[in-house]
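> Pasting the sequence and the predicted model now:
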Amino acid sequence: RLILYSEPNIMKLFLCLTLFFLASLRSSSASGNGLRHGLVERFLRYVVIDTQAKEGVEKIPSTPGQRELANVLCQELTELGLLNVRVDDQGYVYATLPASKGLANPSSVPAVGFIAHLDTSDAVAETRIKPYIVESYSGGDIPLPANALRTITVAKNPDLHEMIGDTIIASDGTSILGGDDKAGIAEIVTAIEFLTAHPEILHGTVQIAFTPDEEVGKGAEKFDVKAFGAFFAYTVDGGEEGELNDETFNAASTVATFRGKSSHPGSAKGQMINSLYAASHFLGQIPNAERPETTEGRDGFFHPYEVKGGEEETVVRLLLRDFEESGLEDRKQRIREIARQTGERFPEVGIQVEITDSYRNMRMVLKDVPHLIEIASEAMRRARVQAKYQPIRGGTDGAAFSFMGLPCANIFTGVHNEHSQEEWVPVGTMTKAVETIVQIVRITAERCW
């Protein structure tokens, strides 16, 4: 004991530990750089494939680019050595990473799933995506090179303050980037690649799926929960770093049709019944304080997102959203009341309102399986990420999956300003999403083994 704790030996021990620590840092840095490079390369390949979904198309997937990306992913997953890799008739991709051979009893570890969607939003018409890469971001606003009207400003994106020195990926300003949800796809595939390259990380069976047409509400429509084979899952479809969701809106959609009568405007007196005026009056009754642009947090809203027609007929499409089921029912009733009052104001216009339920708040299921959030929270802690619990002001396929028998929470991808020409994602956060996925798999095995 006297020799071990003598001053010279303590100094030697300290020196050895310091050298070991520095060597470990170098090793980790090299591994991290390799992971980042593969992740970025993969993401950039995915985003240039046009997978914009189209509403109103009966066929799934609604666009051919989604199947193109599905085939690319199928080949990559096969090359990584996954089993049961396949693309079904609707464009859903499924694959299995088998449990580690080092597990004494692999059947005791429940299969965990990771899901992302192939399609991108049609909110911006341009689909020829040209990524714009800002290496070693030094701060300040980011003007987008191909559109003088589009700048990613610090004022509207305060998270940029935390990104100094990181690599930022955006579009050139003429389109969305498509990080929703190709960032999630790239992160899942990169995590699987990491696990296959590190067999010393013990894990149970991991199930992978990539789904079509999530953006038009059909992502879960043909999903085969039984064939997927996971006990629980995570959609990788969230936003900012640390986002962790176990709650969504309750959602419904409304189609309000206004029918008038067309005639030549030169002889329209007493003849023309212009449906546009009734539709405008109807829209004008939507409360200012209950619109997406004036609400936040747990506020619900009415959202008219499309108007088409002319004097003969005008069709208005709206989204109804509320975190409480009773709140959604109240919104349905208020829309019907607005339509009734509009009918009184324009008695010659025929008005028809159709309301269809879309999805329910997944919290109703996930409150009974708290381990999903516990595992994800611990995984983020290990990945040096501060978990941010917040309800999704929107939906996710995970809401539908949860009611189909597959409890499914949602974790972050790092994407900001989704569905916008000012969409951007930091590579550092994408890397942390990969690490979070790896840790979820690891912790699931640790808890059950």
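Nice, I can see it.
> what's the pLDDT at S24?
For S24, the model assigns a pLDDT of 37.
> let's have the chain start at 257 instead
Sounds good: first residue 257 from here, last item S280.
> Next up, the contacts around the most centrally placed residue in the chain.
Ranked by distance to the mean C-alpha position of the chain (Cα atoms, centre = their mean), the top residue is D493 at 2.4 Å. D493 makes contact with I371, A372, H373, D436, D437, G440, E470, T652, D653, G654, N666, T669, according to Cβ atoms under 8 Å, 6 or more residues apart in numbering. C-beta coordinates here come from the backbone N, C-alpha and C atoms, glycine included.
> Just these: which are in strands?
In this view, the contacts of D493 that belong to strands under DSSP state E are I371, A372, H373, N666.
> Can you tell me how far the residue lying closest to the last one once chain neighbours are set aside is from E581?
Leaving aside its chain neighbours, N666 sits nearest to N501 (4.1 Å; criterion: Cβ to Cβ, 6 or more residues apart in numbering). As judged by Cβ to Cβ, to the nearest Å, N501 and E581 stand 18 Å apart.
> So for the two, which residue has more residues nearby?
Comparing N501 with E581 by other Cβ atoms under 10 Å, the one with more neighbours is N501, at 29 against 12.
> check contacts around that one.
For N501, the contacting residues are G494, Y645, Q646, P647, I648, T652, A665, N666, I667, by Cβ under 8 Å, 6+ apart.
> where does the first one fall, phi/psi-wise?
For G494, the backbone dihedrals are phi -90, psi -170 (criterion: degrees, to the nearest 10).
> That one touches E674, doesn't it?
No: when contacts are counted by Cβ atoms under 8 Å, G494 is not listed as touching E674 (10.0 Å).
> Tell me which of the two has more neighbours.
Neighbour tally, G494 and E674, criterion other Cβ under 10 Å: the higher count belongs to G494, 27 against 22.
> check contacts around the more buried one.
Contacts of G494 (Cβ under 8 Å, 6+ apart): L500, N501, I648, N666, I667, F668, T669.
> Sketch out the low-pLDDT regions of the stretch 507-656 of the chain for me.
Along the stretch 507-656 of the chain, no part satisfies pLDDT under 70.
> Now do the strands in it.
557-565, 569-578, 606-615, 644-645 (DSSP state E, counting those that start in this stretch).
> and the shortest one, what other elements does it pack with?
Right, the one you point to is strand 644-645. With contacts taken as 3 or more Cβ pairs under 8 Å, 6 or more residues apart in numbering; DSSP states H and E, strand 644-645 sits against strand 499-501.
> Neighbouring strands - and their directions - for the strand it packs on?
Under the criterion DSSP bridges, strand 499-501 sits next to strand 644-645 (parallel), strand 664-667 (antiparallel) in its sheet.
> got a list of contacts for the shortest one?
It stands for strand 644-645. Residues contacting strand 644-645 (Cβ under 8 Å, 6+ apart): E496, E497, G498, E499, L500, N501, D502, I629.
> Give me the distance between the second one and A447.
Distance from E497 to A447, counting by Cβ to Cβ: 16 Å.
> same thing with V296?
Distance from V296 to A447, by Cβ to Cβ: 15 Å.
> These two - which one has more neighbours?
For the pair V296 and A447, the greater number of neighbours falls to A447 (26 against 19), based on other Cβ under 10 Å.
> Need the nearest residue in space to that one, chain neighbours excluded.
I693 (3.9 Å).
> picking that back up, flag the least confident of the contacts of D493.
T652 (85).
> Phi and psi next, for Y350.
Main-chain dihedrals, Y350, degrees, to the nearest 10: phi -130, psi 150.
> Show me what it is bridged to.
R342, A465.
> residues touching it, list them.
N340, V341, R342, D344, Q463, I464, A465, D480, A483, F484.
> Just the buried ones from those?
Buried members of the contacts of Y350, scored by 16 or more other Cβ atoms under 10 Å, are V341, Q463, I464, A465, F484.
> Let's have these in TSV, adding distance to Y302 and pLDDT.
Formatted as TSV, those follow (distance: Cβ to Cβ, whole Å; pLDDT from 0 to 100):
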residue	distance to Y302	pLDDT
V341	17	98
Q463	20	98
I464	15	98
A465	16	98
F484	22	97
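> what about the helices in the chain?
Applying DSSP state H to the chain gives helices spanning 263-303, 320-335, 435-453, 481-484, 531-540, 581-601, 619-622, 627-638, 653-659, 683-704.
> between these, which gets nearest to D422?
Of all the helices of the chain, helix 683-704 sits nearest to D422, with 4.4 Å by Cβ to Cβ.
> how about the strands in the stretch 357-506 of the chain?
Using DSSP E, counting those that start in this stretch, strands in the stretch 357-506 of the chain cover 368-373, 387-390, 398-399, 407-408, 424-427, 462-467, 488-492, 499-501, 506-515.
> Export the ones you listed as a markdown table, with columns for distance to M620.
Formatted as a markdown table, the strands of the stretch 357-506 of the chain follow (distance: least, Cβ to Cβ, whole Å):
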| stretch | distance to M620 |
| --- | --- |
| strand 368-373 | 19 |
| strand 387-390 | 39 |
| strand 398-399 | 40 |
| strand 407-408 | 37 |
| strand 424-427 | 36 |
| strand 462-467 | 22 |
| strand 488-492 | 16 |
| strand 499-501 | 14 |
| strand 506-515 | 9 |
